[in-house]
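Asker: structure of the sequence below:
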Amino acid sequence: MNFRQGGEIMENVSALPRVMNAKEVAAYLGISKAGAYNLMNSKSFPTLRVGKRLLVSADKFLMWIDEHSDNSEIEM
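Answerer: Down below sits the predicted model:
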């Protein structure tokens, strides 16, 4: 599950699972798993909570990236 290639995020989003967990979010963004959990616990992130699991749909995740790709800082 490597979503980065040479430091660049892969453009082929069809490789993403429909629902992503913290490990997959971390791999895609190139951040630590702890960083992904912090992000998924932030108010601006479209987290789906199933019991104690934190998940995000790939569609909402990609929309969230588009909405936050104006170099704005994300509060975690």
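
Asker: please make it C-alpha for all contacts and neighbour counts, starting now.
Answerer: Fine.

Asker: which SSE is Val25 in?
Answerer: Using DSSP states H and E, Val25 sits in helix 22-29.

Asker: that helix: what's the following helix or strand?
Answerer: With DSSP H and E, the next secondary element past helix 22-29 is helix 33-40.

Asker: please save the CA atoms from that next one in PDB.
Answerer: Written as PDB, here are the backbone C-alpha positions of helix 33-40 (Å, rounded to 0.1, in the frame of the first residue of the first chain):
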ATOM      1  CA  LYS A  33       0.300   7.100  11.500                       C
ATOM      2  CA  ALA A  34       0.100   9.300  14.700                       C
ATOM      3  CA  GLY A  35      -0.200  12.400  12.400                       C
ATOM      4  CA  ALA A  36      -3.000  10.700  10.500                       C
ATOM      5  CA  TYR A  37      -4.900  10.000  13.700                       C
ATOM      6  CA  ASN A  38      -4.400  13.600  14.800                       C
ATOM      7  CA  LEU A  39      -5.800  14.700  11.400                       C
ATOM      8  CA  MET A  40      -8.700  12.300  11.600                       C
END
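
Asker: packing partners of that helix?
Answerer: The contact analysis (3 or more Cα pairs under 8 Å, 6 or more residues apart in numbering; DSSP states H and E) places helix 33-40 against helix 22-29, strand 53-57.

Asker: that one to strand 53-57, inter-axis angle?
Answerer: 70 degrees (axes from the mean of the first three to the mean of the last three Cα atoms, to 10 degrees).

Asker: okay, buried residues for helix 33-40 please.
Answerer: Using 16 or more other Cα atoms under 10 Å as the test for burial, helix 33-40 gives Lys33, Gly35, Ala36, Tyr37, Leu39, Met40.

Asker: show me what contacts the first one?
Answerer: Under the criterion of Cα atoms under 8 Å, 6 or more residues apart in numbering, the contact partners of Lys33 comprise Ala22, Lys23, Val25, Ala26.

Asker: want to throw those residues into JSON lines with neighbour count, pLDDT and distance to Glu67?
Answerer: Putting the contacts of Lys33 into JSON lines (neighbours: other Cα atoms under 10 Å; pLDDT from 0 to 100; distance: Cα to Cα, whole Å) gives the following:
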{"residue": "Ala22", "neighbour count": "21", "pLDDT": "97", "distance to Glu67": "20"}
{"residue": "Lys23", "neighbour count": "17", "pLDDT": "96", "distance to Glu67": "22"}
{"residue": "Val25", "neighbour count": "25", "pLDDT": "96", "distance to Glu67": "16"}
{"residue": "Ala26", "neighbour count": "20", "pLDDT": "95", "distance to Glu67": "18"}
